[in-house]
Each structure stands twice: as C-alpha cells, then as structure tokens.
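Novice: A structural model of the following input is requested.
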Amino acid sequence: MKFQYVFIVLILISFFSCEDVIDVDVPTSEPRLVIDASINWIKGTTGNEQSIKLTLTAPFFDEEVPPANNAQVYITDENSNIFNFIEDGNSGIYLNSSFIPIINTEYLLTIVYKNETYTGTETLLAVPDIEFVEQNLEGGITGEETEIKAFFTDPINEENYYFFEFIPNIPVIKTLDTFKDEFVNGNLIFGFYVEEDLNPGDSVTIRNHGVSKRFYEFMYVLLQQTGDSGGPFETQPATVRGNCMNITNSSNYPLGYFRLSEVSEVIYTVLE
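Specialist: Numbering: from 1, shown residues only. Below you'll find the model as predicted:
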C-alpha cells in the first residue's frame, strides 16, 4: 500500500511540474494607413503651425506603432490654396507652418502613400469660449476625488457638437469626451472632469473643440470601445471607419479621421 501512495504522489508532482508552451496563431493582414489629421486652431493664435501624423496598423503583440514614411501630404482650401506638409525626419509626423484657418471653410486633405491616393473633406468649425472653471475637492463616488467643470455658453438656434480634452500635468492618462447640445441648446453648459490623483497645485489643460456631427459620432463610438482616455488612433479593438477614403483602391481603406476645429483652451490650476 505504501508503494501505491508513493506512486500516486510521484504522478501528481510530475503533473504539476509540467509546463506546456502554447503558440497562439494571431491572424495578420496587410498594414493599413492610419490618419491622425487634427487641425486645431487655438483661440488667440494664428493657427499657422499644424501637423499630421501617419502610422500603420501592426500585429497585436507588436510593442511599437510603425510610422508611415515618405508620403506626400497636402491640404487644399475652397480658394485652391495648397498647404504642403513635410515629414519631420522619419517620424511619420508631417509639418506645415503656413496654414490659414478660416471658420466655416471646407478643406480637402490629400495623401499619396505607396502609389495610392487617400482623401478626406471636412469644414473648420467654431467653438464658444470657456468662460470660467469650477472645482470640487470632495467629488466622485468616494468623496475624495477632484472634480472640474469648464463652463461655456452654447450658441442658440444652432446644432453644435463638441470634443473635450482634459490633460493633467501629473502622470495619468488624459481624458477625452464628446458632447452635443441636443437638450441644452443656447444654455450655459460645462465639460466635466474627475481625477482622484489631482491635488491642489496641479494643473489641467482644458480644450474644447468645435466638431462636426460626423466626427462626434465617430469619436463617440471609438470612445465606447477604447474607454474615455488614451490615444484613440493607436489601438482599436474593431474597425471604426472615419471620413477618409482610398480613391485608388477602395478595399485598402484607411483608419483615422481628418478634422478641423477652433479650440478654446484654458490651463487651470487646482486651488486649496
């Protein structure tokens, strides 16, 4: 009987000490172009300095997002003015220092990459000023979080859509949010931000962008999938199509979006 018990123990030790290496077959596909073309005209500036970021999709387990190099990138306005964007080294970031922003003007983005042409069209939309900011140091579910409200007056008799960024100066991920004036048209309304690690003396850059209905719907769906923070153009669990298309090869469609916005920006420091 003792030999039987020893035999059983040896089998159990052998079983638990085995480790199997499992190779996961992750489906791969040809890289797609990802377009992060956000033209932001911050109030009080000329809006001349602009950039466009081009990257490629990568396999799930890759740690780096590859840049899309050597593309031809330019924006054309309604008056046929052309603004060329030149790549900064091999970064995939394309720069222009002479862009002319005009409210309610339609712009056409053109990208030529690997002999295929991508285009997108959008209108530069205005945004109201952020008028004042309120804080609450005892907010959130726990009563220990810092809440910030950035107030602005929505234009009356207009259909407006907004895109908010809250960027703290502490090492936490920025927060993104969308808002529409469907039930508050013409009223004083606010963008809302809450962060438990935000303390007196810390600051938050608050940006409110005027955006189109189509961008609002695009970003709303994207934030539902990825959460309300981080880089929405870098990780997408499902394909969310933007307003850019491949006019050379429609099956090789791009990801991302071409957006133009006037931006109201406030840097707020949390008070005691």
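Novice: Residue 41 is in contact with residue 101, isn't it?
Specialist: Yes. Counting by CB atoms under 8 Å, residue 101 is a contact partner of residue 41 at 4.1 Å. (Each C-beta comes from the backbone N, C-alpha and C, glycine too.)
Novice: ok, residue 155 - contacts?
Specialist: 128, 186 (CB atoms under 8 Å, 6 or more residues apart in numbering).
Novice: Name the SS class of it, please.
Specialist: Assigned by DSSP: H, G, I helix; E, B strand; the rest coil, the conformation of residue 155 is coil.
Novice: for residue 223, same thing?
Specialist: Using three-state DSSP, the structure places residue 223 in helix.
Novice: Next one, pLDDT for it please.
Specialist: Looking at residue 223, its pLDDT reads 89.
Novice: quick revisit: residue 41 and residue 101: which is more packed in?
Specialist: Neighbours around residue 41 and residue 101, counted as other CB atoms under 10 Å, are more numerous at residue 41. The numbers are 24 against 20.
Novice: Next one: residue 210 from residue 41, what distance?
Specialist: Separation of residue 210 from residue 41 (CB to CB, to the nearest Å): 10 Å.
Novice: Could you do residue 73 as well?
Specialist: Separation of residue 73 from residue 41 (CB to CB): 18 Å.
Novice: returning to what we had before: okay, and the common contacts of residue 41 and residue 101?
Specialist: Common neighbours of residue 41 and residue 101 (criterion: CB under 8 Å, 6+ apart): 47, 124, 260, 262.
Novice: Closest to residue 166 out of those residues?
Specialist: Lowest distance from residue 166 to the shared contacts of residue 41 and residue 101 (CB to CB) belongs to residue 262, with 18.2 Å.
Novice: did I read that right, that closest one in a strand?
Specialist: Yes. Counting by three-state DSSP, residue 262 is located in a strand.
Novice: If you count contacts, what does whatever helix or strand residue 119 lives in end up packed against?
Specialist: According to DSSP states H and E, residue 119 maps onto strand 116-123. Helices and strands touching strand 116-123, by 3 or more CB pairs under 8 Å, 6 or more residues apart in numbering; DSSP states H and E, are strand 33-42, strand 106-113, strand 244-246, strand 255-269.
Novice: what pairs with that strand, and is each one parallel or antiparallel?
Specialist: Each strand that pairs with strand 116-123, with its direction, by DSSP bridges: strand 106-113 (antiparallel), strand 244-246 (antiparallel).
Novice: what about the ones you listed, which gets the closest to residue 187?
Specialist: strand 106-113 (29.0 Å).
Novice: buried sites along that closest one?
Specialist: Residues of strand 106-113 classed as buried by neighbour count (16 or more other CB atoms under 10 Å): 107, 108, 109, 111, 113.
Novice: for the stretch 1-150 of the chain, what are the low-confidence residue spans?
Specialist: By pLDDT under 70, the low-scoring segments of the stretch 1-150 of the chain are 1-28, 60-62.
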